[in-house]
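>>> coords please:
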Amino acid sequence: MADLQEMLGSTIRRARRERRLTLRELADRAALSEVYLGEIERGQKYPSARVLEELARALELDIAELLDLVAQELRAAQPTLLPQPAALTRPPVRDARRAGEPRMAVATPVATPSEVAVIAVMGAAWGAGIFTLTAGPCMVVL
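The predicted structure follows:
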């Protein structure tokens, strides 16, 4: 997972560079020292809410816009969790010759093709929020 402090700093740096501002210019606009602003941009310092407001104003952004940029960076840095496909296997059959018993199938939960279709549609609609699905006597765990 991405470090919030570093992500906040890199977002501020990127916004400053997009506006073609030097570190000194942004620091002056936000009434901060260059050293402190540099530490924020490198992810070494956590700015207070007041400092974030001043930086947003100096970057000509609303505080909500600045925080939204940070949120977008955090989302982009998170690994995407893809749902794992359900395993469709045939139930194992016991070898009657070795066991000395009549042949019989061991009960193993198996998803039917229609259940797999339902899982695929639900997974596409709800993403990684679907972890288990119970369908009648069969349980499929993704």
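
>>> give the buried residues for stretch 16-29.
Across stretch 16-29, burial judged by 16 or more other CB atoms under 10 Å covers 16, 21, 23, 26, 27, 29. Bear in mind the C-beta positions are built from the backbone N, C-alpha and C, glycine included.

>>> how about the residues you listed, which pair is most distant?
Taking CB to CB, the two most distant members of the buried residues of stretch 16-29 are 23 and 29; they sit 11.0 Å apart.

>>> which residues of this structure fall in helices?
Ranges of helices within the chain are 4-18, 23-30, 34-41, 49-58, 63-77, 96-99, 113-126, based on DSSP state H.

>>> just put the ones you listed in JSON lines and tack on mean pLDDT.
Listed next are these as JSON lines, based on pLDDT from 0 to 100:
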{"stretch": "helix 4-18", "mean pLDDT": "94"}
{"stretch": "helix 23-30", "mean pLDDT": "96"}
{"stretch": "helix 34-41", "mean pLDDT": "96"}
{"stretch": "helix 49-58", "mean pLDDT": "95"}
{"stretch": "helix 63-77", "mean pLDDT": "90"}
{"stretch": "helix 96-99", "mean pLDDT": "56"}
{"stretch": "helix 113-126", "mean pLDDT": "67"}
